[in-house]
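Chemist: Just need the structure, nothing else, for what follows:
(one chain, ligands or ions: 1)
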Amino acid sequence: MNTLVYSIDKSENPETLYVNLTNACTNNCVFCLRTQKDDICGKEMWLEHENIALEDIIEQFKQFSTPKTVCFCGYGEPMIRFELLKAFAKYLKDNNPNIFIRVNTNGHANAIHKRNVLPELKGLVDEFSVSLNGADEEEYNSLSKPRISNAYDEVKNFIKEAVNEGFSVTATIVTGFINGIPNKEKCKEIAAELGAKFRAREFIPNGY
Ligand code: SF4
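Modeler: Sure, this is the predicted structure:
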């Protein structure tokens, strides 16, 4: 069975639930957990198929108690399944308006969908956590190995647009996988210039 909704918390009432919408991604990050293991907390993250209906996600969501936060994350780039993400976020806000919704993203969505999709998520998504992962294009490409052109600028533009649209935005980096890359201080400055918060996470082999 596809794991579409999962928890990384052993509690029976997890505060955060995660949503796994796709295994597709426009990056191929050197540190990606997908290259190291197939599961998260024993839940198989590789989907048997990607013919996922909104009802399938809702059904799995209902197996849990109502969480404080729902995070779109998983083994792939969730914004690739933009319509599905939007539909489930709308379901959540319509039925549980107090749930905080975060999207962990590589920031390529506007390039993938060839339009600015951010206005469509107003009132549905509360926060974006965007993988900056580079103080310049060279650092970004060595860590993220993007499959789209101009990816680093796309990420920075996405962060800026999301800030301008009024979302809470955190630019993130993973440190400790390649020595000294990315340059943490420079990344912090870039996040500030773009108007975003900043978070650096040390690489952990197991991911959590
Ligand atoms: S953007 Fe995320 S899912 Fe895609 S390769 Fe990088 S870490 Fe993996």
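Chemist: For this structure, which helix or strand comes out least confident on mean pLDDT?
Modeler: None of the helices or strands of the chain scores lower by mean pLDDT, DSSP states H and E than strand 39-40, at a mean of 88.
Chemist: is the ligand contacted by that strand?
Modeler: No: Strand 39-40 stays clear of the ligand (CB under 6 Å from any ligand atom), getting no nearer than 12.0 Å. To be clear about C-beta, it is placed using only N, CA and C from the backbone, and glycine gets the same treatment.
Chemist: So in that sheet, which strands flank the next helix-or-strand element following that strand, and in what orientation?
Modeler: Per DSSP states H and E, strand 39-40 leads on to strand 43-44 as the next helix or strand towards the C-terminus. As defined by DSSP bridges, the strand partners of strand 43-44 come to strand 39-40 (antiparallel).
Chemist: Which residues of this structure lie near the ligand?
Modeler: When proximity is defined as CB under 6 Å from any ligand atom, the chain approaches the ligand at 25, 27, 28, 29, 32, 34, 76, 77, 106, 131.
Chemist: And the furthest pair within those residues?
Modeler: 34 and 131 (13.9 Å; CB to CB).
Chemist: which of those two has more neighbours?
Modeler: Ranked by neighbour count (other CB atoms under 10 Å), residue 34 and residue 131 place residue 131 first, with 22 against 16.
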